[in-house]
Structure formats: structure tokens, C-alpha cells
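Could you work out the structure for the sequence below:
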Amino acid sequence: MQLVEIKNTNISIDTINVLENVNFDLLQGEMKFLIGKTGSGKTTFINSIFGNLAPSKSEVFKVLGFNINNLSNKEIPLLRRKIGFVFQDFKLLGDRSIYDNMKFVLEATGWSDLNKIDAQIIKVFKLVGINSPMEKFPNELSGGEQQRVAIARSMINEPELIIADEPTGNLDPETSSEIISLFEKLNKMGTSMIIATHDYNLILKLEGQVYKCEDGSIFEVKRKNN
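Next up is the predicted model:
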């Protein structure tokens, strides 16, 4: 099943094309990587998949059954419920516990039964290997623990697609390896992923096609052997 299909697409910011003639697809269960220098268009590409940027010209742009070329304001939240997002700097809410971070997302997406909310949070925390007490606040956790919570948040609504933007950028090598293993586990369970990264170690340890953003283009590059 094809989750993302993009053909002959230009993506611009303030009428200036950042990416031109983009062709990209993602099948269910696939993991693909996006590399490139800062400012090369990786974030622009991710934002377009997330519905934040409309293409300036496009033959086909479909994400999870939604036509991005004609995406209505009502469809944007429906699309985003199907996508989990993992950020480099975690973006957890510092004024509430990690349990309340999860509860906030669920309530914001229509969950109301507290028993079901509790069960879902426990299920996802167990899935990603969070052993910290749920009443702890983000600043009481290590960077690796915070990223696990961030990944749990991205999984809380059981999305069809995870997009990760530099997910190991703020982590030490040992903790990065733990997060890489977690991504591998989630992908083997069937979660599709697009990971933008500068972490070559992450690419080496995981399977998937590698695409590069450069000079306004996105193109596949051959993987290098370790």
C-alpha cells in the first residue's frame, strides 16, 4: 500500500522554489532517510508532507489518502492525526508530567474516556521502553528518556507514518544507539518512517533508501558500506 506519492512537484516559500521536480514515494512498512546540509530543503519537504506547505506546482501529491494539492482546512487535522512527529529538541511540555504530556495529546485528538486514556498511555510507554514514573516532569529525565517520551507521544494515536527530524541530534552516541534500536523495533512492527538526519551511524544501522536534498532537488543516493 502506497502511503506517500509525490510526482513532479515544486515546493516554495514566499514564491521562491526551495525544491523542484520532486519525485518520492513511501510504501507501508518502509523506512526512508533524508540527508542534506542545513538549509537544503529537508524541513521544507517534511512540512509539505505534514500539510504545512502547499506545493506551488504538482502533478501528484498524496499522503495517507489525502490530496495535498487540494487539502482543505478541515482535512489538515485529520491528516495530522495519522502522522506522528519526533523532534530533535523533544518539544515536551515542561509544565506538566510525562503522563499529562500524553493525556494532553489524546484529549486534543478526541479521547475522553479516562480509563481508555490510561490504558493507551501505559501501552505506548511499555512499547517504547519507558520505565520512569509517569508523574515525573521532562526536566527530571535524561535526554534519552525525554526522546523516548517524545517517541511515545508520536505513537500515542497509533499513526500510519512517523516523521522524525534529527531525532538523535541532541543525544550522546550510547543513547543514540538505544533510540536507533527503538526505531528498528517500531519499523519491524509495521510503522512506516521518514527520518531526516545528519547521523550517519543511524543510517548505517537501519535499512532503507537514502535520499539527499541538494541544490533544490531530492534524489536517491547509494548506501555506503560500513
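
Buried residues of the lowest-mean-pLDDT helix or strand in the chain, list them for me.
Using mean pLDDT, DSSP states H and E, helix 200-205 stands out as the lowest-scoring helix or strand of the chain, at a mean of 90. For helix 200-205, the buried set under the neighbour-count rule, 16 or more other Cβ atoms under 10 Å, comprises L202, I203. All C-beta spots, glycine's among them, are computed from the backbone N, C-alpha and C.

same deal with stretch 138-150?
Applying a neighbour-count criterion of 16+ other Cβ under 10 Å, the buried positions in stretch 138-150 are P138, L141, G143, G144, E145, Q146, Q147, R148, V149, A150.

measure the fourth one to S217 for me?
When distances are taken as Cβ to Cβ, to the nearest Å, G144 and S217 turn out to be 35 Å apart.

do the same with the last one
To S217, A150 is 30 Å away according to Cβ to Cβ.

Closest one of the buried residues of stretch 138-150 to S97?
When those are compared for distance to S97 (Cβ to Cβ), P138 comes out closest, at 8.5 Å.

Give me the nearest residue to the closest one, chain neighbours excluded.
Nearest-residue entry for P138: L92, 4.2 Å, with adjacent residues in sequence omitted and distances by Cβ to Cβ, 6 or more residues apart in numbering.

and that neighbour, helix, strand or coil?
Of the three states, L92 takes coil under DSSP: H, G, I helix; E, B strand; the rest coil.

do the same with the one 3 residues further on
Look at D95: counting by three-state DSSP, its state is coil.

The residue sitting furthest away from the middle of the chain sits in which helix or strand?
The outermost residue of the chain, judged by C-alpha distance from the chain's mean C-alpha position using Cα atoms, centre = their mean, is N115 at 27.5 Å. Counting by DSSP states H and E, the element that carries N115 is helix 114-128.

could you say what helices and strands that helix packs with?
Judged by 3 or more Cβ pairs under 8 Å, 6 or more residues apart in numbering; DSSP states H and E, helix 114-128 is in contact with helix 98-108, helix 143-155, helix 173-188.
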